[in-house]
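Novice: next come a sequence and a model predicted from it.
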Amino acid sequence: MSLVRRCSRTACGRPAVATLTYVYADSTAVLGPLATYAEPHCYDLCAEHSERLTAPRGWEVVRLTDGSAPSRPSGDDLEALANAVREAARPHDRAAEAGGSAPNAPRSGGETRRGHLRVLRSPDS
């Protein structure tokens, strides 16, 4: 089973990026960001088909956009993340000078604490 949802249009195998729902009572087609899971009365569309979507005569198309975050990380975002990881891995000399122990300083048993990143699963999955 594929983890990537595909476009619902016949003979289109591109990955889906948007979900289309019809509100028949209001004669409205609602096109929004890809839903978190597939529903029986919704249609997943690829970028090309979602851009070219038209509604029947007398119907309105409402396009919802998720403006909370960019769709792809920018180069600045990736660089900031890399710098944060480097900083977290670097021994903190200032903390040792102030009398505190550095995060990577040797412990009483001679072992060192190694910083690492963890992948946390979404509570929805």
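Specialist: Perfect, I can see it now.
Novice: CA atoms for contacts and neighbours, from now on please.
Specialist: Noted.
Novice: can you give me the helices in this protein?
Specialist: Using DSSP state H, the helices of the chain run over residues 47-51, 75-89, 93-97.
Novice: OK, contacts around the residue nearest to Val62 when sequence neighbours are not counted?
Specialist: Sequence neighbours aside, Val30 is the residue nearest to Val62 in space, at 4.8 Å (criterion: CA to CA, 6 or more residues apart in numbering). Neighbour list for Val30: 20-23, 61-64 [criterion: CA atoms under 8 Å, 6 or more residues apart in numbering].
Novice: would you mind writing the ChimeraX command to select the buried ones in those?
Specialist: With 16 or more other CA atoms under 10 Å as the criterion, this ChimeraX line picks the buried residues out of these:
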select :20,21,22,61
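Novice: who touches the residue lying closest to Cys42 once chain neighbours are set aside in this structure?
Specialist: Closest residue to Cys42 apart from its sequence neighbours, by CA to CA, 6+ apart: Thr21 at 5.0 Å. Contact criterion CA under 8 Å, 6+ apart gives 29-31, 41-43 as the residues in contact with Thr21.
Novice: list buried residues within those residues.
Specialist: Among those, those classed as buried by neighbour count (16+ other CA under 10 Å) are 29-31, 43.
Novice: turn these into TSV, including distance to Asn83.
Specialist: TSV is the format used below for the buried ones among the contacts of Thr21 (distance: CA to CA, whole Å):
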residue	distance to Asn83
Ala29	44
Val30	41
Leu31	38
Tyr43	41
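Novice: next step: these restricted to strands.
Specialist: The strands in this structure, assigned by DSSP state E, contain 29-31, 43 from the buried ones among the contacts of Thr21.
Novice: export these to CSV and tack on distance to Gly75 and pLDDT?
Specialist: What follows is these, written out as CSV (distance: CA to CA, whole Å; pLDDT from 0 to 100):
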residue, distance to Gly75, pLDDT
Ala29, 35, 93
Val30, 32, 94
Leu31, 29, 94
Tyr43, 33, 94
